[in-house]
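[1] following is a predicted model, sequence given first.
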Amino acid sequence: MKIKWFGSQIVLNKVEHSLLTGNDFLKRKLALAKEALALDTLLIWPDRDKKNLELTQKICSDFQIKTYLWYPLLADIALFKIRPEEAVETFEGQRGYGKHGRWPQLGQGEEDFLFLCPNNEQALDKIFQHFENQLKIDDYDGVFLDRIRFPSPGNGLESLYTCFCPWCQRKFSDYYQEDLNRYRPLVKDFFQQLRVVELSDLAYYRSLSDILRPGHLQRFFDFRAQSIFQLTRRFAEEAKKRNKTVGLDLFAPSLSSLVAQDYRELATISDWLKPMVYCHTASPAGLPLEYGCLLQGLLAFNPGLNEKQLISEASRIVKAELPCSLSALLKEGVPEDIIIQEAERLKDFNLTENENRKIYIGLEAVQAGELAHIDGPVLKKYLSAVSETDLDGILLSWNLLKIPDQNLRVVGDLL
Ligand SMILES: [Zn+2]
C-alpha cells in the first residue's frame with residue numbers, strides 16, 4: 001500500500017496524569033504508533049496543567065515525532081466558556097443552537113459546539129493574545145487550527161444562516177455598501193420554500209450542501225466564507241511568523257461550503273489540510289451525523305417527505321448507498337468508499353496555488369462509546385479506499401488515547 005504519511009491527535013484536556021504515566025501507557029502507545037505507522041506528527045489539545053503536555057512532548061521528542069498545538073478558534077476554546085448569548089445570531093435574532101434537524105445530544109458532551117462569530121473582534125483579540133502566548137511559552141513544530149467554521153447541520157438548520165450580529169452588520173456594509181439585514185427576510189422566505197420542497201425538486205442536485213444554498217443568498221455565503229478565511233489567515237500568519245507549520249481542520253468537501261470553509265482560499269495560507277471524512281462518527285463533523293441532521297431538518301420542515309425516499313435520493317446525490325433509515329445511518333455510518341467521492345470533490349476545488357501543500361485525510365480510528373466504534377474491518381476498508389486516491393497521508397483521529405493498540409497494529413499490518 002502506498003500510504004506514506006501518518007499523523008494522529010491527542011486530547012490531554014482533563015486527563016489524569018497517572019493515566020498517561022501508569023505502566024508507561026503513553027510511552028508504549030507512541031512507541032507502537034511510531035513502530036507500526038512511522039507516526040510523523042501528533043496534534044496536541046493541551047490541558048491547563050502543563051504536566052501532561054511536558055510528558056507528551058518529551059516522549060515525542062525522543063521518538064522524533066513532530067508536535068503541533070491543536071487550537072480551536074470559534075468553539076470549545078481554551079480561554080473561556082462561550083455562553084449561548086455570545087454565539088452567532090440567526091436571521092430571527094436567536095443565538096445558541098438552531099431547531100430543525102438539531103442533534104438532540106448537542107451540548108451534553110465534553111464539547112459544547114457553541115460558535116462565536118468570526119467577526120467578533122473583541123472576543124477574538126483576546127483569543128489571539130492567548131494563542132500568541134501559547135506559541136511563546138511552549139515549543140511546537142506547528143499549529144493545527146480547528147473550529148474555523150460556522151455551525152453545521154448538527155447545530156440545527158437555522159444556524160447555517162448566521163451571522164447577523166452587529167459586528168457582521170458593520171463589516172458587511174463596509175464590504176458591499178449594503179445592509180445585511182436585507183438578507184433576514186430572504187432566509188425566512190427560503191425556509192418557507194423548504195416547507196413545500198418535494199423529492200422531484202432535488203433531482204438536479206449533485207451535492208447535499210447545494211440544497212441549502214439558494215443562489216439569491218450567494219453574497220451572504222461569500223461574506224461568511226470571507227469572514228472565516230480572514231480569521232484563519234490572521235492566526236496562520238502569526239504561526240508562520242514564528243516558523244510554525246500550519247494545518248487546518250476542515251469539513252469533508254461535500255459539506256464544507258455549508259460551514260463557510262473555502263478550501264481554495266484556505267489552501268493558500270496553510271501547509272496542509274485535513275478534510276474530516278469520518279464515516280462512522282455520530283457527533284459533529286461525522287458524516288452520519290451531519291448527513292442525518294441535514295435530512296432530518298428537511299423532514300422537519302416538510303413532514304410530507306418520505307424518509308426512505310429522501311435517503312434514497314440523498315444516496316444518489318452523494319454517490320454512495322446510505323442505510324435506509326436515519327437511525328440506521330447514525331448507527332451503521334456511511335460506506336467507506338465515499339472517501340473516493342470526497343477525493344474527487346477535492347480535485348474539483350482545484351487547489352493549485354501552493355503545490356507543496358499536502359492533504360492528509362482525517363479518518364477516525366477511535367473506540368469512543370456511542371460516538372464511534374472503529375475496528376479492523378473498517379480500517380481495512382478505509383485504507384483500501386484511500387489507496388485508490390492521491391491523498392498525501394492519513395490523520396488517525398481524533399484521540400490517540402481512545403485508539404486501541406489493536407487498531408494501530410491492524411493499520412501497520414496492512415501497510
Ligand atoms: Zn456576527
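    Great, that's in hand.
[2] which residues of the stretch 101-250 of the chain fall in strands?
    Here the stretch 101-250 of the chain has its strands, by DSSP state E, counting those that start in this stretch, at 142-146, 245-251.
[3] can you list these in a markdown table and add distance to the ion?
    C-beta coordinates here come from the backbone N, C-alpha and C atoms, glycine included. Compiled in a markdown table, the strands of the stretch 101-250 of the chain are given as follows (distance: least, C-beta to the ion, whole Å):
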| stretch | distance to the ion |
| --- | --- |
| strand 142-146 | 19 |
| strand 245-251 | 20 |
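[4] what parts of the protein come near the ion?
    Within the chain, the positions near the ion by C-beta under 5 Å from the ion are Cys117, Asn119, Cys163, Cys165, Trp167, Cys168.
[5] returning to that earlier point: so which of the strands of the stretch 101-250 of the chain is nearest Glu290?
    strand 245-251 (7.7 Å; C-beta to C-beta).
[6] coming back round to it: TSV for the strands of the stretch 101-250 of the chain, including distance to Phe128 and mean pLDDT?
    Below are the strands of the stretch 101-250 of the chain laid out as TSV (distance: least, C-beta to C-beta, whole Å; pLDDT from 0 to 100):
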stretch	distance to Phe128	mean pLDDT
strand 142-146	12	98
strand 245-251	15	98
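[7] most tightly surrounded among the ones you listed?
    strand 142-146 (a mean of 25; mean count of other C-beta atoms under 10 Å).
[8] what's that strand in contact with?
    9, 41, 43, 66-73, 135, 232, 235-236, 239, 244-249, 271, 274 (C-beta atoms under 8 Å, 6 or more residues apart in numbering).
[9] switch to 6 Å and redo it
    43, 68-73, 235, 239, 244-249 (C-beta atoms under 6 Å, 6 or more residues apart in numbering).
[10] residues of the helix or strand encompassing Phe25 that come out buried?
    In the assignment (DSSP states H and E), Phe25 maps to helix 25-37. Going by neighbour count (16 or more other C-beta atoms under 10 Å), the buried part of helix 25-37 is Leu26, Lys27, Lys29, Leu30, Leu32, Ala33, Lys34, Ala36, Leu37.
[11] ok, stretch 268-280 next?
    Ile269, Ser270, Asp271, Trp272, Leu273, Lys274, Pro275, Met276, Val277, Tyr278, Cys279, His280.
[12] show residues contacting that stretch.
    233, 236, 245-250, 252-253, 285-287, 333-334, 336, 339, 342, 353-354, 358-362, 364, 372, 395.
[13] does Asp76 really touch Glu110, like I thought?
    No. Contact criterion C-beta atoms under 6 Å: Asp76 and Glu110 do not qualify, at 8.3 Å.
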